[in-house]
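> got a sequence here, can you model it:
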Amino acid sequence: MIDDNPMTKFSAETIDLLFTAVEEDDIVDSNISLPQMIDLQCSPDKIRNNYALCLQFWEDGFTRQELTGLVDAFLANPDLSTTVRMRYKYIRARYKHLRFAQRLYSKAHESGRLFHITTVMLGHFQDAFRNGNKANLKYYGFILRIFLSKPVWWLVRYSLRHIQLETEQGFITYRQEQMRALRELVANARLTGKQFHDVRKIVSQQVSFYDTLRSIDPDNAEAFQMSRFLAAINGLMGDKHDEMVADKLSGKRSYDEPAALDVDIRQRLEVLLTSYPM
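All right, here's what the predicted structure looks like:
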C-alpha cells in the first residue's frame, strides 16, 4: 500500500513543471523525433515517486469547496468568463492525470470506481456548459454534487492513498501489452469512433507517464523527447476527434462510421510501434 511509508513531497517548482507538461499535451511539434532507444526500465522507487507526484498534483491543485463552488456557479450561469472556464479545465486536467496514474502504476491497472465516475462526470458537465445544454448541465451537476459531497470525497482520498503499486516487471509488461493493443488497432485500415478513442487513450496514458518523468527529472532528455513525440500524436488526434464530434452533431457522419486514420497520425503511430521494445 502507498501509505506504508511516507510519500515524497515535491517542490512547487516540480509541480509547475508537471503543470506545464500537461498543458503541452496537445501541442504538435513537427520536428520532434523519438530517442534512439526507448528504455522501459522503471525502478520501484520511480514508480512510487511518479504516483506520489501525480497525487500531489491533484491534492494541492484545488479544494473540494472550490470545485463544488464552480459547479454551483455554472449551474446558476453557464456563460461564465473564460478565466473561470479555464480554471475548471485545469482542475479536470488534474483528475485526468491522476486517473492515468492509477491505471499506469497500480497493481490492478485501473482507476478507483468513484474517482473514475467523478472524472467522467466532470467531462460531461464541461461539454454541457460549453454547448449550452441546460438539461445535461442540470443532470450532471446533480450527480457531481453527490460525488463531491464530504463522505464520498473522504472515501476517494482514502482509496487514493491506499493503493497497491505495480512491480517493475509488471509495469514493463503492462506497457508492452498496451503497445500490442495499439498495434492491433492500428492494423485496421479504418477505425470506428470507439477504436479511434481507444488509440488516443493509450497514447494519452503514455504521454502522462513521460510528462511525470520529465517533471521529476528535467535533465532526462529521453523522457522529454518521448513526451513531446507522443503529445504530437495526441494533439493531432484531438483535432480529429473534434471534427468527428462536430460531424456527429451536424448529422454529417455517424461517430461510429469507420474512417481511415489521417496519414500523419498513422505514420507517427507506426514509427512509435516500430521503435517500442516488445
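> for the rest of this, base every contact and every neighbour count on C-alpha atoms.
Fine.
> now do the phi/psi pair for residue 219.
Dihedral pair for residue 219: phi -90, psi 0, per degrees, to the nearest 10.
> what about the protein, any weak spots by pLDDT?
Along the chain, the parts satisfying pLDDT under 70 run over 1-6, 245-246, 249-250.
> mind listing the helices for the stretch 101-250 of the chain?
Under the criterion DSSP state H, counting those that start in this stretch, helices of the stretch 101-250 of the chain are mapped to 113-131, 134-147, 150-161, 168-186, 193-216, 221-250.
> any buried residues in the fifth one, and which?
Judged by neighbour count using 16 or more other C-alpha atoms under 10 Å, the buried positions of helix 193-216 are 193, 195-196, 198-200, 202-216.
> what do you get for the third one?
For helix 150-161, burial by neighbour count (16+ other C-alpha under 10 Å) applies to 153, 156, 160-161.
> got the angle for it vs helix 134-147?
Per axes from the mean of the first three to the mean of the last three C-alpha atoms, to 10 degrees, the angle that helix 150-161 makes with helix 134-147 is 70 degrees.
> who are the packing partners of helix 150-161?
helix 113-131 (3 or more C-alpha pairs under 8 Å, 6 or more residues apart in numbering; DSSP states H and E).
> now do the helix it packs on: distance to the chain's middle.
Centroid separation for helix 113-131 versus its chain: 13 Å, with C-alpha atoms, centre = their mean, to the nearest Å.
> residues near residue 222, how many?
18 (other C-alpha atoms under 10 Å).
> residue 114: what's it in contact with?
By C-alpha atoms under 8 Å, 6 or more residues apart in numbering, the contact list for residue 114 reads 147, 152, 156.
> same check on residue 40?
172, 277.
> now do the SS call for it.
Judged by DSSP: H, G, I helix; E, B strand; the rest coil, the three-state class of residue 40 is coil.
> mind checking how far it is from residue 238?
26 Å (C-alpha to C-alpha, to the nearest Å).
> ok, residue 65 next?
31 Å.
> neighbour count winner among those two?
residue 238 (17 against 12).
> the more buried one and residue 26 touch, don't they?
Yes - between residue 238 and residue 26 there is a contact at 7.1 Å, judged by C-alpha atoms under 8 Å.
> which neighbours do these two share?
Joint contacts of residue 238 and residue 26 (C-alpha under 8 Å, 6+ apart) do not exist.
> give me the beta-bridge partners of residue 106?
residue 165 (DSSP bridges).
> make TSV from the buried residues of helix 150-161 and add distance to residue 89 to it.
TSV is the format used below for these (distance: C-alpha to C-alpha, whole Å):
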residue	distance to residue 89
153	20
156	20
160	21
161	24
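> between those residues, which is nearest residue 178?
Nearest to residue 178 among the buried residues of helix 150-161 is residue 160, at 23.1 Å by C-alpha to C-alpha.
> if I look at the closest one, how far off is residue 59?
On the measure of C-alpha to C-alpha, residue 160 and residue 59 end up 10 Å apart.
> may I ask which two of the buried residues of helix 150-161 are separated the most?
The most distant members of the buried residues of helix 150-161, if one measures by C-alpha to C-alpha, are 153 and 161, lying 12.6 Å apart.
> am I right that residue 57 falls within a helix?
Yes - looking at residue 57 with three-state DSSP, it is inside a helix.
> quick check: it touching residue 96?
No - at 11.0 Å, residue 57 does not count as touching residue 96 under the criterion of C-alpha under 8 Å.
> now for the helices of the stretch 101-250 of the chain, which one comes closest to residue 45?
Of the helices of the stretch 101-250 of the chain, nearest to residue 45 by C-alpha to C-alpha is helix 168-186, at 9.3 Å.
> and that closest one, how far out from the chain middle?
From the chain centre to the centre of helix 168-186 is a distance of 17 Å (C-alpha atoms, centre = their mean).
> between it and helix 193-216, how big is the angle?
Using the same axes, to 10 degrees: helix 168-186 against helix 193-216 is 140 degrees.
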